[in-house]
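**Student:** Predicted model, plus sequence, below.
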Amino acid sequence: MTLAARRSVLVTAGVIALLIGLMATFPARLALSWFAPPEVRAWGVDGTVWRGRATELALHEHGLGALSWHARPLRMLLLQPAWDFELRRQDGYARGRLGLSLFGNRQKITDLDASLSLDTLPPAVVPIGVAGQVRVALQRLEIVQGWPVAITGRAAVANLDLPGVILTLGPFEFLFPDQAGLPVAEIRSLGGPLEVDGRVELPARGRWLFNADLGPGENPPQELVDGLLFVGEDIGGGRRRLVLSSEP
(Lines give C-alpha, C1' and ligand atoms only; values in the text may rest on other atoms or scores of the structure.)
Protein backbone atom coordinates (compact mmCIF):
# COMPACT_ATOMS: atom_id res chain seq x y z
CA MET A 1 0.00 0.00 0.00
CA THR A 2 1.39 3.38 -0.96
CA LEU A 3 1.88 6.20 1.53
CA ALA A 4 -1.01 8.14 -0.02
CA ALA A 5 -3.29 5.12 0.29
CA ARG A 6 -2.32 4.64 3.95
CA ARG A 7 -3.07 8.26 4.66
CA SER A 8 -6.47 7.95 2.99
CA VAL A 9 -7.33 4.89 5.09
CA LEU A 10 -6.21 6.61 8.29
CA VAL A 11 -8.18 9.75 7.48
CA THR A 12 -11.31 7.71 6.73
CA ALA A 13 -10.94 5.72 9.94
CA GLY A 14 -10.43 8.92 11.89
CA VAL A 15 -13.55 10.51 10.44
CA ILE A 16 -15.62 7.41 11.24
CA ALA A 17 -14.25 7.32 14.79
CA LEU A 18 -15.06 11.01 15.20
CA LEU A 19 -18.62 10.52 13.99
CA ILE A 20 -19.16 7.59 16.34
CA GLY A 21 -17.68 9.56 19.21
CA LEU A 22 -19.98 12.50 18.52
CA MET A 23 -22.99 10.21 18.36
CA ALA A 24 -22.04 8.46 21.60
CA THR A 25 -22.09 11.77 23.48
CA PHE A 26 -24.64 13.82 21.53
CA PRO A 27 -27.58 14.62 23.88
CA ALA A 28 -30.79 12.87 22.91
CA ARG A 29 -32.87 15.88 23.99
CA LEU A 30 -31.03 18.12 21.54
CA ALA A 31 -31.23 15.55 18.72
CA LEU A 32 -35.00 15.23 19.12
CA SER A 33 -35.48 19.00 19.06
CA TRP A 34 -33.40 19.28 15.89
CA PHE A 35 -34.37 16.24 13.84
CA ALA A 36 -37.72 14.84 15.02
CA PRO A 37 -40.68 15.67 12.74
CA PRO A 38 -43.14 18.22 14.20
CA GLU A 39 -45.81 15.58 14.85
CA VAL A 40 -43.45 13.70 17.21
CA ARG A 41 -42.81 15.01 20.74
CA ALA A 42 -41.14 13.54 23.81
CA TRP A 43 -40.91 14.35 27.51
CA GLY A 44 -38.49 13.23 30.20
CA VAL A 45 -35.73 12.65 27.64
CA ASP A 46 -32.50 11.37 29.16
CA GLY A 47 -29.24 9.99 27.74
CA THR A 48 -27.61 10.30 24.34
CA VAL A 49 -28.32 9.41 20.75
CA TRP A 50 -26.33 6.24 21.44
CA ARG A 51 -28.40 5.12 24.45
CA GLY A 52 -31.29 6.82 26.20
CA ARG A 53 -34.94 6.92 27.14
CA ALA A 54 -38.03 9.13 27.13
CA THR A 55 -40.70 8.81 29.82
CA GLU A 56 -43.40 9.72 27.28
CA LEU A 57 -43.48 9.74 23.47
CA ALA A 58 -46.37 11.34 21.61
CA LEU A 59 -47.54 11.30 17.99
CA HIS A 60 -49.92 14.08 16.94
CA GLU A 61 -50.31 14.99 20.66
CA HIS A 62 -51.40 11.40 21.42
CA GLY A 63 -49.31 9.63 24.07
CA LEU A 64 -47.71 6.36 22.95
CA GLY A 65 -45.79 5.35 26.08
CA ALA A 66 -42.24 5.23 27.44
CA LEU A 67 -39.44 4.71 24.90
CA SER A 68 -35.91 3.38 25.36
CA TRP A 69 -33.22 2.80 22.73
CA HIS A 70 -29.61 1.84 22.15
CA ALA A 71 -27.51 2.04 19.00
CA ARG A 72 -26.08 -0.90 17.03
CA PRO A 73 -22.29 -0.32 16.89
CA LEU A 74 -21.62 -2.30 13.71
CA ARG A 75 -24.32 -0.45 11.79
CA MET A 76 -22.75 2.83 12.87
CA LEU A 77 -19.38 1.71 11.55
CA LEU A 78 -21.01 0.95 8.19
CA LEU A 79 -22.62 4.42 8.19
CA GLN A 80 -26.04 2.76 8.34
CA PRO A 81 -27.36 4.05 11.68
CA ALA A 82 -29.69 1.69 13.52
CA TRP A 83 -31.14 1.39 17.02
CA ASP A 84 -32.88 -1.31 19.02
CA PHE A 85 -35.96 0.23 20.66
CA GLU A 86 -38.69 -0.71 23.09
CA LEU A 87 -41.96 1.12 23.67
CA ARG A 88 -43.80 0.29 26.89
CA ARG A 89 -47.32 1.28 27.91
CA GLN A 90 -49.95 -0.06 30.31
CA ASP A 91 -51.88 -1.92 27.65
CA GLY A 92 -48.92 -3.44 25.78
CA TYR A 93 -45.55 -2.97 24.15
CA ALA A 94 -43.66 -2.67 20.87
CA ARG A 95 -40.02 -3.58 20.28
CA GLY A 96 -37.79 -3.89 17.24
CA ARG A 97 -34.90 -2.33 15.35
CA LEU A 98 -35.04 0.99 13.50
CA GLY A 99 -32.64 1.83 10.69
CA LEU A 100 -32.36 5.20 8.96
CA SER A 101 -31.04 6.21 5.56
CA LEU A 102 -28.36 8.89 5.54
CA PHE A 103 -30.75 11.17 3.66
CA GLY A 104 -33.48 10.69 6.26
CA ASN A 105 -36.37 9.94 3.89
CA ARG A 106 -36.45 6.17 4.43
CA GLN A 107 -36.91 4.23 7.65
CA LYS A 108 -36.61 0.47 7.99
CA ILE A 109 -38.01 -1.40 11.00
CA THR A 110 -37.02 -5.05 11.41
CA ASP A 111 -37.98 -7.76 13.93
CA LEU A 112 -41.00 -5.75 15.05
CA ASP A 113 -42.88 -7.47 17.88
CA ALA A 114 -45.90 -5.67 19.33
CA SER A 115 -49.05 -6.30 21.33
CA LEU A 116 -51.33 -3.30 21.75
CA SER A 117 -54.90 -2.15 22.23
CA LEU A 118 -56.20 -0.51 19.05
CA ASP A 119 -58.31 2.14 20.77
CA THR A 120 -55.29 3.59 22.59
CA LEU A 121 -53.38 4.31 19.36
CA PRO A 122 -53.57 7.77 17.72
CA PRO A 123 -56.21 8.50 15.03
CA ALA A 124 -53.40 8.89 12.49
CA VAL A 125 -52.80 5.13 12.89
CA VAL A 126 -56.25 3.73 13.83
CA PRO A 127 -59.56 5.52 13.06
CA ILE A 128 -61.57 6.85 15.99
CA GLY A 129 -64.11 4.33 17.26
CA VAL A 130 -62.16 1.23 16.27
CA ALA A 131 -61.22 -0.98 19.23
CA GLY A 132 -59.66 -4.40 19.73
CA GLN A 133 -56.37 -6.15 20.39
CA VAL A 134 -53.60 -6.41 17.79
CA ARG A 135 -50.59 -8.72 17.82
CA VAL A 136 -47.86 -7.87 15.30
CA ALA A 137 -44.81 -9.86 14.17
CA LEU A 138 -43.15 -8.17 11.19
CA GLN A 139 -39.77 -9.16 9.83
CA ARG A 140 -39.59 -5.98 7.76
CA LEU A 141 -41.39 -2.66 7.48
CA GLU A 142 -39.96 0.01 5.18
CA ILE A 143 -41.38 3.54 5.19
CA VAL A 144 -40.62 6.29 2.69
CA GLN A 145 -41.88 9.80 3.43
CA GLY A 146 -44.37 8.45 5.96
CA TRP A 147 -45.87 5.72 3.72
CA PRO A 148 -45.16 1.94 3.89
CA VAL A 149 -43.50 0.64 0.72
CA ALA A 150 -42.58 -2.87 1.91
CA ILE A 151 -44.08 -5.12 4.62
CA THR A 152 -43.24 -8.72 5.49
CA GLY A 153 -44.74 -10.68 8.37
CA ARG A 154 -48.11 -11.11 9.99
CA ALA A 155 -50.58 -9.47 12.34
CA ALA A 156 -53.68 -10.70 14.15
CA VAL A 157 -56.65 -8.68 15.40
CA ALA A 158 -59.10 -9.96 18.03
CA ASN A 159 -62.21 -8.58 19.75
CA LEU A 160 -62.64 -6.06 16.95
CA ASP A 161 -65.26 -3.36 17.50
CA LEU A 162 -66.15 -1.14 14.53
CA PRO A 163 -68.29 2.02 14.53
CA GLY A 164 -71.91 1.18 13.73
CA VAL A 165 -71.40 -2.60 14.15
CA ILE A 166 -73.12 -4.06 17.22
CA LEU A 167 -71.11 -7.31 17.17
CA THR A 168 -67.55 -7.94 18.28
CA LEU A 169 -65.72 -9.50 15.34
CA GLY A 170 -62.60 -11.57 14.81
CA PRO A 171 -60.12 -12.92 15.26
CA PHE A 172 -58.58 -12.12 11.87
CA GLU A 173 -55.08 -12.70 10.49
CA PHE A 174 -53.24 -10.35 8.13
CA LEU A 175 -50.40 -12.07 6.28
CA PHE A 176 -47.86 -9.90 4.43
CA PRO A 177 -45.90 -12.21 2.09
CA ASP A 178 -42.23 -11.62 1.35
CA GLN A 179 -42.49 -10.60 -2.30
CA ALA A 180 -41.35 -7.90 -4.67
CA GLY A 181 -43.65 -5.03 -5.44
CA LEU A 182 -46.06 -2.95 -3.39
CA PRO A 183 -47.35 -4.15 0.02
CA VAL A 184 -50.20 -6.65 0.05
CA ALA A 185 -51.98 -8.21 3.03
CA GLU A 186 -53.91 -11.46 2.74
CA ILE A 187 -56.83 -11.48 5.23
CA ARG A 188 -58.17 -14.68 6.79
CA SER A 189 -60.66 -15.44 9.56
CA LEU A 190 -59.43 -17.41 12.56
CA GLY A 191 -62.93 -18.20 13.80
CA GLY A 192 -65.74 -15.97 14.99
CA PRO A 193 -69.16 -15.11 13.56
CA LEU A 194 -67.89 -13.42 10.36
CA GLU A 195 -65.82 -15.29 7.77
CA VAL A 196 -63.49 -13.11 5.70
CA ASP A 197 -61.32 -14.12 2.76
CA GLY A 198 -59.65 -11.23 0.96
CA ARG A 199 -56.76 -8.85 0.66
CA VAL A 200 -55.66 -5.25 1.17
CA GLU A 201 -53.37 -3.57 -1.35
CA LEU A 202 -51.41 -0.33 -1.11
CA PRO A 203 -51.00 0.56 -4.80
CA ALA A 204 -49.52 4.04 -4.27
CA ARG A 205 -48.85 6.64 -1.60
CA GLY A 206 -52.07 7.55 0.19
CA ARG A 207 -54.07 4.88 -1.68
CA TRP A 208 -55.49 1.55 -0.52
CA LEU A 209 -57.81 -1.13 -1.93
CA PHE A 210 -59.83 -3.65 0.12
CA ASN A 211 -61.34 -6.66 -1.70
CA ALA A 212 -62.88 -9.52 0.30
CA ASP A 213 -65.55 -12.19 0.31
CA LEU A 214 -67.69 -12.13 3.47
CA GLY A 215 -69.98 -14.78 4.86
CA PRO A 216 -71.44 -16.25 8.03
CA GLY A 217 -68.79 -17.87 10.22
CA GLU A 218 -69.04 -19.91 13.42
CA ASN A 219 -72.44 -19.66 15.14
CA PRO A 220 -73.38 -16.37 13.48
CA PRO A 221 -76.23 -14.44 15.12
CA GLN A 222 -79.25 -13.82 12.93
CA GLU A 223 -78.65 -10.06 12.86
CA LEU A 224 -75.26 -10.66 11.21
CA VAL A 225 -76.76 -12.99 8.60
CA ASP A 226 -79.50 -10.45 7.88
CA GLY A 227 -77.04 -7.54 7.81
CA LEU A 228 -74.85 -9.22 5.20
CA LEU A 229 -77.75 -8.95 2.73
CA PHE A 230 -77.04 -5.21 2.53
CA VAL A 231 -73.26 -5.44 2.15
CA GLY A 232 -71.48 -5.50 -1.20
CA GLU A 233 -72.39 -7.84 -4.07
CA ASP A 234 -74.19 -11.19 -3.78
CA ILE A 235 -71.91 -14.07 -4.90
CA GLY A 236 -74.21 -16.88 -3.75
CA GLY A 237 -74.30 -19.23 -0.79
CA GLY A 238 -75.05 -16.40 1.60
CA ARG A 239 -71.73 -14.77 0.79
CA ARG A 240 -71.08 -11.22 -0.31
CA ARG A 241 -68.16 -9.53 -2.11
CA LEU A 242 -67.12 -6.19 -0.67
CA VAL A 243 -64.76 -3.84 -2.54
CA LEU A 244 -63.65 -0.56 -0.97
CA SER A 245 -60.93 1.89 -1.92
CA SER A 246 -59.50 5.23 -0.92
CA GLU A 247 -60.61 6.72 -4.22
CA PRO A 248 -64.05 8.39 -4.41
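**Tutor:** Looks like it arrived, so ask away. Residues are numbered from 1 along each chain as shown.
**Student:** give me the beta-bridge partners of the residue nearest the centre of the chain?
**Tutor:** Nearest to the mean C-alpha position of the chain, counting by C-alpha atoms, centre = their mean, stands residue 141 at 6.7 Å. On the basis of DSSP bridges, residue 141 takes part in beta bridges with residue 109, residue 151.
**Student:** And it, how far from residue 47?
**Tutor:** Separation of residue 141 from residue 47 (C-beta to C-beta, to the nearest Å) stands at 25 Å. Every C-beta, even on glycine, is put in place using the N, C-alpha and C of the backbone.
**Student:** Could you do residue 121 as well?
**Tutor:** 26 Å.
**Student:** Could you report the neighbour count for residue 87?
**Tutor:** 19 (other C-beta atoms under 10 Å).
**Student:** Now do the helices in the chain.
**Tutor:** Using DSSP state H, the helices of the chain run over 3-25, 28-35, 73-77, 222-228.
**Student:** got the contact list for stretch 143-152?
**Tutor:** Stretch 143-152 is touched from outside by 105-109, 138-142, 176-178, 182-183, 185, 202, 205-206, with contacts defined as C-beta atoms under 8 Å, 6 or more residues apart in numbering.
**Student:** Now the buried members of those.
**Tutor:** For the contacts of stretch 143-152, a neighbour count by 16 or more other C-beta atoms under 10 Å gives the buried set as 107, 108, 109, 138, 141, 142, 176, 183, 185, 202.
**Student:** who are the neighbours in contact with the first one?
**Tutor:** Put plainly, it is residue 107. By C-beta under 8 Å, 6+ apart, the contact list for residue 107 reads 98, 99, 100, 101, 142, 143.
**Student:** so how far is residue 147 from it?
**Tutor:** From residue 107 to residue 147 the distance is 11 Å (C-beta to C-beta).
**Student:** any chance of the buried ones among the contacts of stretch 143-152 in JSON lines, plus pLDDT and distance to residue 218?
**Tutor:** Converted to JSON lines, those look like this (pLDDT from 0 to 100; distance: C-beta to C-beta, whole Å):
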{"residue": "107", "pLDDT": "88", "distance to residue 218": "40"}
{"residue": "108", "pLDDT": "91", "distance to residue 218": "39"}
{"residue": "109", "pLDDT": "94", "distance to residue 218": "34"}
{"residue": "138", "pLDDT": "96", "distance to residue 218": "28"}
{"residue": "141", "pLDDT": "94", "distance to residue 218": "32"}
{"residue": "142", "pLDDT": "92", "distance to residue 218": "36"}
{"residue": "176", "pLDDT": "95", "distance to residue 218": "25"}
{"residue": "183", "pLDDT": "91", "distance to residue 218": "30"}
{"residue": "185", "pLDDT": "94", "distance to residue 218": "23"}
{"residue": "202", "pLDDT": "88", "distance to residue 218": "30"}
